[in-house]
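Novice: sequence plus predicted model, see below.
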Amino acid sequence: MCRWTGLFLLAAAFAANGQEVCSDSVTEASLPAAQAAEGQTLVLAGEGRLALDLGKSAETIAHLPEMLIVKFADGATLSHRWMAPSELREDQSSDLPFVDFVRLVFREDVSDAPSADRDEADAVWRAMVSGCIDARHYQLAGTDLFTYSQTRAGGERYHAFFFLDDDLVHYLDVLGSDSLADALLAGLRIRDRAGP
């Protein structure tokens with residue numbers, strides 16, 4: 001069974017309710033206007049020195065060994081973890097860096113990617129879009145951020161963020177409104193070099 005089958009099952013479980021317009025491409029986008037940090041901040045380890053303002057409504061924060069979970073006042077949730085290649089890839093023998101594989105999944109050109117990697121990335125993309133997505137590509141100081149949003153069958157909004165920070169893939173998923181996802185994106189910033 002393919003390892004990306006989990007992603008396909010995730011997409012199927014959160015399948016769109018038929019009212020959303022699906023797109024088979026990734027939109028180049030600009031991050032929302034930066035907002036002043038308020039409340040707790042999620043510091044993302046990596047060369048990009050990124051930080052994400054969680055806002056005042058972040059109420060409960062649980063830090064497990066490999067995952068951070070945040071619950072917001074309105075019941076929305078966010079989780080963060082480093083994504084392992086095995087969570088998205090079947091071909092563990094590939095020499096293609098995992099960050100480049102994620103770029104391929106989100107329709108970016110990776111010039112030296114072998115055809116087997118391209119085919120596998122296409123299969124992951126097809127599994128994702130079967131759940132109807134709105135995919136976007138952002139950049140912040142050389143760090144790529146790919147996002148997609150879906151509407152679950154029950155009407156809840158789901159958002160996934162992939163931060164490609166040097167050789168790390170930070171994966172955040174948000175079960176909450178579009179306005180929360182936009183606020184989180186507006187709270188993304190580069191940490192001061194003197195900071196943590």
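Specialist: On my side now, so go ahead.
Novice: okay, CA-based contacts and neighbour counts for the rest of this
Specialist: Fine.
Novice: quick one: the helices in the chain?
Specialist: Counting by DSSP state H, one finds helices in the chain at the ranges 5-13, 98-105, 115-129, 178-186.
Novice: which stretch in those helices is the model least sure about?
Specialist: For the helices of the chain, mean pLDDT drops lowest on helix 5-13, to a mean of 42.
Novice: who's in contact with the residue nearest the centre of the chain?
Specialist: For the chain, the residue nearest the mean C-alpha position is residue 161 (1.6 Å; C-alpha atoms, centre = their mean). Residues near residue 161 by C-alpha atoms under 8 Å, 6 or more residues apart in numbering: 145-148, 170-173.
Novice: just the pLDDT for the closest residue to it other than its chain neighbours.
Specialist: Residue nearest to residue 161 in three dimensions, not counting chain neighbours: residue 147, with 4.5 Å by C-alpha to C-alpha, 6 or more residues apart in numbering. pLDDT recorded at residue 147 is 94.
Novice: next: residue 3.
Specialist: 49.
Novice: my read is that residue 133 contacts residue 148, right?
Specialist: Yes: the criterion here is C-alpha atoms under 8 Å, and residue 133 meets it with residue 148 at 5.9 Å.
Novice: neighbour count: those two, which is higher?
Specialist: Using other C-alpha atoms under 10 Å, the more surrounded residue of residue 133 and residue 148 is residue 133, with 25 against 20.
Novice: any low-confidence regions in this structure?
Specialist: 1-24, 27, 29-39, 193-196 (pLDDT under 70).
Novice: break down it into its strands, ranges please.
Specialist: In the chain, the strands defined using DSSP state E lie at 26-28, 40-44, 50-55, 58-64, 67-72, 77-82, 134-140, 143-151, 157-165, 168-175, 188-190.
Novice: ok, the closest residue to residue 80 other than its chain neighbours to residue 114 distance?
Specialist: Nearest non-adjacent residue to residue 80, counting by C-alpha to C-alpha, 6+ apart: residue 172, 4.4 Å away. With the distance defined as C-alpha to C-alpha, to the nearest Å, residue 172 ends up 28 Å from residue 114.
Novice: so residue 118 touches residue 103, yeah?
Specialist: No: at 10.2 Å, residue 118 does not count as touching residue 103 under the criterion of C-alpha under 8 Å.
Novice: where do the contact lists of the two overlap?
Specialist: Counting by C-alpha under 8 Å, 6+ apart, nothing touches both residue 118 and residue 103.
Novice: report the beta-bridge partners for residue 43.
Specialist: Residue 43 has the following beta-bridge partners by DSSP bridges: residue 51.
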